[in-house]
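Chemist: Here is a sequence with its predicted model. Questions after.
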Amino acid sequence: MIDVAVRVFAKRGYHAASVDEIAELAGVSKPMVYLYLDSKEGLFLACLCRESARLVAAFQGAARAGGEPEQRLYAGLAAFFAFVAGHRDSWVVLHRQASELSAAIAAAVAEARRAVMAEVAGLVGDGIADSGRGALLDAEDADFVAHALVGAADALTDWMERHPGQSPDGIALRLMNMVWVGMRHVLDGEVWTPRDA
(Lines give C-alpha, C1' and ligand atoms only; values in the text may rest on other atoms or scores of the structure.)
Protein backbone atom coordinates (compact mmCIF):
# COMPACT_ATOMS: atom_id res chain seq x y z
CA MET A 1 0.00 0.00 0.00
CA ILE A 2 2.82 2.43 0.86
CA ASP A 3 4.68 1.58 -2.37
CA VAL A 4 1.58 2.37 -4.41
CA ALA A 5 0.88 5.53 -2.43
CA VAL A 6 4.42 6.84 -3.01
CA ARG A 7 4.00 6.32 -6.76
CA VAL A 8 0.59 8.00 -6.86
CA PHE A 9 1.62 10.95 -4.68
CA ALA A 10 4.77 11.45 -6.80
CA LYS A 11 2.77 11.32 -10.04
CA ARG A 12 -0.30 13.34 -9.07
CA GLY A 13 0.80 15.44 -6.09
CA TYR A 14 -0.75 15.31 -2.65
CA HIS A 15 -3.87 17.30 -3.45
CA ALA A 16 -4.73 15.54 -6.73
CA ALA A 17 -3.98 12.03 -5.44
CA SER A 18 -7.03 10.12 -4.29
CA VAL A 19 -7.31 7.47 -1.62
CA ASP A 20 -9.72 5.63 -3.95
CA GLU A 21 -7.03 5.27 -6.62
CA ILE A 22 -4.38 4.24 -4.11
CA ALA A 23 -6.66 1.63 -2.55
CA GLU A 24 -7.65 0.22 -5.94
CA LEU A 25 -4.05 -0.01 -7.20
CA ALA A 26 -2.94 -1.58 -3.90
CA GLY A 27 -5.75 -4.13 -4.04
CA VAL A 28 -7.32 -3.10 -0.75
CA SER A 29 -10.54 -1.35 0.17
CA LYS A 30 -10.69 2.36 0.90
CA PRO A 31 -12.03 1.67 4.42
CA MET A 32 -8.95 -0.50 5.04
CA VAL A 33 -6.66 2.42 4.14
CA TYR A 34 -8.54 4.59 6.65
CA LEU A 35 -8.52 1.81 9.24
CA TYR A 36 -4.72 1.55 9.14
CA LEU A 37 -3.75 5.15 8.44
CA ASP A 38 -6.74 7.23 9.53
CA SER A 39 -6.67 9.80 6.70
CA LYS A 40 -5.05 10.83 3.43
CA GLU A 41 -2.61 12.90 5.46
CA GLY A 42 -1.86 9.84 7.61
CA LEU A 43 -1.14 7.84 4.46
CA PHE A 44 1.14 10.56 3.13
CA LEU A 45 2.89 10.82 6.50
CA ALA A 46 3.46 7.03 6.50
CA CYS A 47 5.01 7.33 3.03
CA LEU A 48 7.14 10.23 4.14
CA CYS A 49 8.35 8.51 7.32
CA ARG A 50 9.26 5.31 5.51
CA GLU A 51 11.05 7.03 2.63
CA SER A 52 12.92 9.48 4.86
CA ALA A 53 14.03 6.58 7.09
CA ARG A 54 15.28 4.72 4.01
CA LEU A 55 17.18 7.79 2.81
CA VAL A 56 18.75 8.46 6.21
CA ALA A 57 19.67 4.76 6.57
CA ALA A 58 21.32 4.75 3.12
CA PHE A 59 23.36 7.85 3.95
CA GLN A 60 24.32 6.74 7.46
CA GLY A 61 25.08 3.17 6.42
CA ALA A 62 27.56 4.37 3.81
CA ALA A 63 28.98 7.18 5.95
CA ARG A 64 29.61 4.88 8.92
CA ALA A 65 31.40 2.18 6.95
CA GLY A 66 34.80 3.32 8.20
CA GLY A 67 37.80 5.16 6.89
CA GLU A 68 38.85 8.77 7.05
CA PRO A 69 36.14 11.44 7.49
CA GLU A 70 36.35 12.66 3.90
CA GLN A 71 36.03 9.09 2.55
CA ARG A 72 33.01 8.50 4.77
CA LEU A 73 31.43 11.79 3.72
CA TYR A 74 32.00 10.96 0.05
CA ALA A 75 30.44 7.51 0.57
CA GLY A 76 27.44 9.08 2.30
CA LEU A 77 26.95 11.65 -0.47
CA ALA A 78 27.28 8.97 -3.15
CA ALA A 79 24.67 6.86 -1.31
CA PHE A 80 22.38 9.90 -1.08
CA PHE A 81 22.62 10.59 -4.82
CA ALA A 82 22.20 6.86 -5.58
CA PHE A 83 19.05 6.79 -3.45
CA VAL A 84 17.63 9.80 -5.31
CA ALA A 85 18.50 8.29 -8.69
CA GLY A 86 17.06 4.89 -7.77
CA HIS A 87 13.98 6.12 -5.91
CA ARG A 88 12.85 9.16 -7.87
CA ASP A 89 9.24 8.92 -6.69
CA SER A 90 10.41 8.85 -3.08
CA TRP A 91 12.51 11.94 -3.62
CA VAL A 92 9.63 13.81 -5.30
CA VAL A 93 7.47 13.08 -2.25
CA LEU A 94 10.21 14.04 0.22
CA HIS A 95 11.72 17.04 -1.51
CA ARG A 96 9.04 18.64 -3.63
CA GLN A 97 5.71 17.90 -2.00
CA ALA A 98 6.24 17.54 1.74
CA SER A 99 7.31 21.14 2.28
CA GLU A 100 3.96 22.41 0.98
CA LEU A 101 1.79 20.50 3.44
CA SER A 102 0.88 20.37 7.14
CA ALA A 103 2.98 21.07 10.20
CA ALA A 104 3.10 17.34 11.07
CA ILE A 105 4.50 16.53 7.64
CA ALA A 106 6.98 19.42 7.76
CA ALA A 107 8.14 18.19 11.19
CA ALA A 108 8.80 14.68 9.83
CA VAL A 109 10.87 16.11 6.96
CA ALA A 110 12.77 18.39 9.35
CA GLU A 111 13.61 15.41 11.61
CA ALA A 112 15.09 13.43 8.72
CA ARG A 113 17.07 16.47 7.60
CA ARG A 114 18.41 16.99 11.15
CA ALA A 115 19.63 13.38 11.24
CA VAL A 116 21.56 13.79 7.99
CA MET A 117 22.81 17.25 9.01
CA ALA A 118 24.16 15.95 12.32
CA GLU A 119 25.95 13.11 10.53
CA VAL A 120 27.50 15.49 7.98
CA ALA A 121 28.50 18.04 10.64
CA GLY A 122 30.16 15.25 12.64
CA LEU A 123 32.15 14.09 9.61
CA VAL A 124 33.20 17.64 8.75
CA GLY A 125 34.19 18.25 12.38
CA ASP A 126 36.21 15.01 12.36
CA GLY A 127 37.92 16.15 9.16
CA ILE A 128 38.83 19.48 10.74
CA ALA A 129 40.16 17.74 13.85
CA ASP A 130 42.14 15.20 11.80
CA SER A 131 43.78 18.02 9.83
CA GLY A 132 45.71 19.10 12.91
CA ARG A 133 44.72 22.68 12.15
CA GLY A 134 41.47 22.77 14.05
CA ALA A 135 42.36 26.12 15.61
CA LEU A 136 41.39 27.77 12.31
CA LEU A 137 37.90 26.24 12.15
CA ASP A 138 35.55 25.20 14.94
CA ALA A 139 32.22 23.43 15.50
CA GLU A 140 30.29 26.40 14.15
CA ASP A 141 32.33 26.22 10.94
CA ALA A 142 31.63 22.48 10.71
CA ASP A 143 27.91 23.20 11.09
CA PHE A 144 28.16 25.92 8.41
CA VAL A 145 29.90 23.54 5.98
CA ALA A 146 27.34 20.82 6.76
CA HIS A 147 24.47 23.17 5.92
CA ALA A 148 26.22 24.22 2.70
CA LEU A 149 26.84 20.59 1.71
CA VAL A 150 23.32 19.37 2.48
CA GLY A 151 21.77 22.39 0.76
CA ALA A 152 23.99 21.87 -2.28
CA ALA A 153 23.13 18.15 -2.36
CA ASP A 154 19.40 18.98 -2.27
CA ALA A 155 19.79 21.48 -5.12
CA LEU A 156 21.93 19.08 -7.15
CA THR A 157 19.12 16.53 -7.25
CA ASP A 158 17.33 18.87 -9.68
CA TRP A 159 20.55 19.19 -11.70
CA MET A 160 20.83 15.38 -11.69
CA GLU A 161 17.39 15.07 -13.22
CA ARG A 162 18.43 17.34 -16.11
CA HIS A 163 21.72 15.41 -16.56
CA PRO A 164 20.67 11.75 -16.40
CA GLY A 165 24.04 10.55 -17.70
CA GLN A 166 25.82 11.70 -14.54
CA SER A 167 26.53 8.95 -12.02
CA PRO A 168 25.76 9.38 -8.30
CA ASP A 169 29.46 8.72 -7.54
CA GLY A 170 30.53 11.36 -10.05
CA ILE A 171 28.17 13.97 -8.62
CA ALA A 172 29.38 13.20 -5.08
CA LEU A 173 32.99 13.52 -6.24
CA ARG A 174 32.35 16.89 -7.89
CA LEU A 175 30.61 18.17 -4.75
CA MET A 176 33.44 16.95 -2.52
CA ASN A 177 35.96 18.72 -4.75
CA MET A 178 34.04 21.96 -4.55
CA VAL A 179 33.48 21.91 -0.79
CA TRP A 180 36.07 19.67 0.88
CA VAL A 181 39.02 20.98 -1.16
CA GLY A 182 37.82 24.52 -0.49
CA MET A 183 37.68 23.81 3.24
CA ARG A 184 41.22 22.40 3.07
CA HIS A 185 42.44 25.69 1.54
CA VAL A 186 40.87 27.59 4.45
CA LEU A 187 42.61 25.22 6.89
CA ASP A 188 45.86 26.05 5.07
CA GLY A 189 45.21 29.74 5.79
CA GLU A 190 43.99 30.72 2.32
CA VAL A 191 40.96 32.99 2.58
CA TRP A 192 39.20 34.90 -0.19
CA THR A 193 38.24 38.51 0.51
CA PRO A 194 36.67 41.14 -1.76
CA ARG A 195 39.20 43.50 -3.37
CA ASP A 196 37.91 46.55 -1.51
CA ALA A 197 37.83 44.87 1.92
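Modeler: That came through fine.
Chemist: Give the buried residues for the longest helix that the chain contains.
Modeler: The single longest helix within the chain, with elements called by DSSP state H, is helix 103-130. Of the residues in helix 103-130, 105, 108-109, 112-113, 115-117, 119-128 count as buried by neighbour count, 16 or more other Cβ atoms under 10 Å. Heads up, the C-betas are built off the backbone N, CA and C, glycines and all.
Chemist: after it, next one along is what?
Modeler: Elements were assigned by DSSP states H and E; along the chain past helix 103-130, the next helix or strand is helix 139-162.
Chemist: if we can go back for a sec, what angle do helix 139-162 and the longest helix of the chain make with each other?
Modeler: Angle between the axes of helix 103-130 and helix 139-162 is 120 degrees (criterion: axes from the mean of the first three to the mean of the last three Cα atoms, to 10 degrees).
Chemist: Give me the average confidence score over helix 103-130.
Modeler: In this model, helix 103-130 has a mean pLDDT of 84.
Chemist: quick one: that helix to chain centroid distance?
Modeler: Its chain's average C-alpha position is 9 Å from that of helix 103-130, according to Cα atoms, centre = their mean, to the nearest Å.
Chemist: Ok, stretch 123-134 next?
Modeler: Mean-position distance between stretch 123-134 and its chain equals 23 Å (Cα atoms, centre = their mean).
Chemist: Can you name the residues in contact with it?
Modeler: Outside stretch 123-134, the residues within contact range by Cβ atoms under 8 Å, 6 or more residues apart in numbering are 63, 68-70, 72-73, 76, 137-139, 141-142, 145-146, 149, 180, 183-184, 187-188.
Chemist: Can I have the buried ones of those residues as a PyMOL selection?
Modeler: Of the contacts of stretch 123-134, the buried ones can be selected in PyMOL as follows, counting by 16+ other Cβ under 10 Å:
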select buried, resi 63+69+70+72+73+76+137+141+142+145+146+149+180+183+187
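Chemist: list the buried ones in the host helix or strand of A5?
Modeler: Element membership for A5, per DSSP H and E: helix 2-12. Along helix 2-12, these residues count as buried under the neighbour rule (16+ other Cβ under 10 Å): V4, A5, V6, R7, V8, F9, A10.
Chemist: ok, those residues vs V33, which is closest?
Modeler: Checking these against V33 by Cβ to Cβ gives A5 as the nearest, at 8.5 Å.
Chemist: Roughly how far does the closest one sit from H95?
Modeler: According to Cβ to Cβ, to the nearest Å, A5 stands 17 Å off from H95.
Chemist: Show me how far the helix or strand hosting V181 is from its chain's centre.
Modeler: Using DSSP H and E, V181 sits within helix 168-187. Relative to its chain's centre, helix 168-187 lies at 17 Å (Cα atoms, centre = their mean).
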